[in-house]
Each structure stands twice: as C-alpha cells, then as structure tokens.
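> Got a predicted structure plus its sequence, pasted below:
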Amino acid sequence: MISRRVLVALPIFLFIYILQEAFVVQMRFPAGGFSIILIFTLMLAALSTPEIGALTGFGAGLLMDLSQTAPGPMGQWTLVMIAVCYAIAFLGYGDDNLRANPFSLVFLVAGGVVASQFLFLLLGLLLGQAIGSIQQVLLIFAGTAFWSAIITPLILPVVSGIHSEIYGTKNRI
C-alpha cells in the first residue's frame, strides 16, 4: 500500500518542483513572494497524520535542497520541512474542525510558512550564514505570509483532491 502512495505522490511532487523552479522563482513579487512547493507540502501535511506529514516534509525538503536558489547547505531544508510538517500535521490531526475549515487551514499554512522560514533562519545562523538586517527579515516574513495567504485558498481544492487520491480519504473541504 505504501509503494502505491509513493508512486502516485512522486510525479506530483516532481511536477510541483519543476513548476516552482521554472515559473514561480522567475516572478518578482514585492516583499518576498511565495514558494508553491512549501505551500503544497504544508497543505498536504495539514490534511494528513503526523507520520505522513513528516514523510511528506522529508521528500519536499530534499527537493527544496536541490533548488539552485536554496542558500543553505544540503539537508537544511530537509530538517526544517520534517519538523514543520510534523508539527502542522500534529496540530491538524486531532481537530476535525481545523481540517474541515478552509479558513483555518489558510492561517495554519501561512503560519507554517513563516515558522519554516524562521526555523531555516535560526539553523542558518547556527551554521554561520549571513543574513540581512532585522527590518529586511521581518519584511520578508510578512510578505511571504501575505502571499501564502493569497495563494493557499486558490490551490486548496486541488490539493484536497490530490490528498484524497493519494491517501484514499475523503475530505470535507
């Protein structure tokens, strides 16, 4: 059963990764922009169990580490995505009201995007990477939260359908 899920999910994640690298990275948005693979992964994690969320974060983190725009060393995004996707899945797993409400899912994913960037920043500081000023970092956090809150409701029905196709569950979204 797990091999069927992996075989169905792998081409979807590769498509999202190619979409991210070919199109989304090329667009210039004010105050940071968004990451479609980060939003997609956090939405899948919010709809899944904590174990599936961590596995999803591992796969997406590996793809994000392969990105040419990733500033950190190999494995930094993987660690961040495992932790954040597990936490998002854990928060959403026990509460069906949270998983069934699109409004709360948007806030959960937008908060998860900011949390993942903050964790990436902290790990980058521990690894000796240079960061910008506090004002610039806060502007990027606010911008990515804004753009994530705009993009998330647009792709939520698609991600919900993909989740039900991969994991064989029906969501009430």
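Alright, I've got the coordinates.
> What residues does A149 make contact with?
Shown in contact with A149 (C-beta atoms under 8 Å, 6 or more residues apart in numbering): 106-107, 110. No exception for glycine: its C-beta is placed from N, CA and C like everyone else's.
> Under the pLDDT cut-off, which ranges of this protein? List them.
1-2, 95-97, 99, 168-173 (pLDDT under 70).
> 50 instead, please
Scanning the chain for pLDDT under 50 picks out the ranges 1.
> just to revisit the earlier point, for ChimeraX, what selects the buried ones among the contacts of A149?
A single ChimeraX command selects the buried members of these (16 or more other C-beta atoms under 10 Å):
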select :106,110
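> wait, which of the contacts of A149 is closest to V84?
Of all the contacts of A149, V84 sits closest to A110, with 12.5 Å by C-beta to C-beta.
> follow-up on the earlier one: need the contacts of A149 in a markdown table (columns: distance to F40).
Below are those laid out as a markdown table (distance: C-beta to C-beta, whole Å):
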| residue | distance to F40 |
| --- | --- |
| V106 | 14 |
| F107 | 17 |
| A110 | 14 |
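> from the contacts of A149, which single one is nearest R5?
V106 (25.6 Å).
> That closest one contacts L154, doesn't it?
No: V106 lies out of contact with L154 (C-beta atoms under 8 Å); the separation is 10.2 Å.
> contacting residues around V6?
No contacts exist for V6 under C-beta under 8 Å, 6+ apart.
> And it, how close does it get to S164?
Noted for V6: a distance of 17 Å to S164, by C-beta to C-beta, to the nearest Å.
> so where do the strands sit in the chain?
With DSSP state E as the definition, the chain shows no strands.
> By residue count, what's the longest helix in it?
Longest helix of the chain, by residue count under DSSP state H: helix 134-167.
> Might you calculate how far it sits from the centre of the chain?
Relative to its chain's centre, helix 134-167 lies at 7 Å (C-alpha atoms, centre = their mean, to the nearest Å).
> same thing with stretch 112-126?
A distance of 13 Å separates the centroid of the chain from that of stretch 112-126, by C-alpha atoms, centre = their mean.
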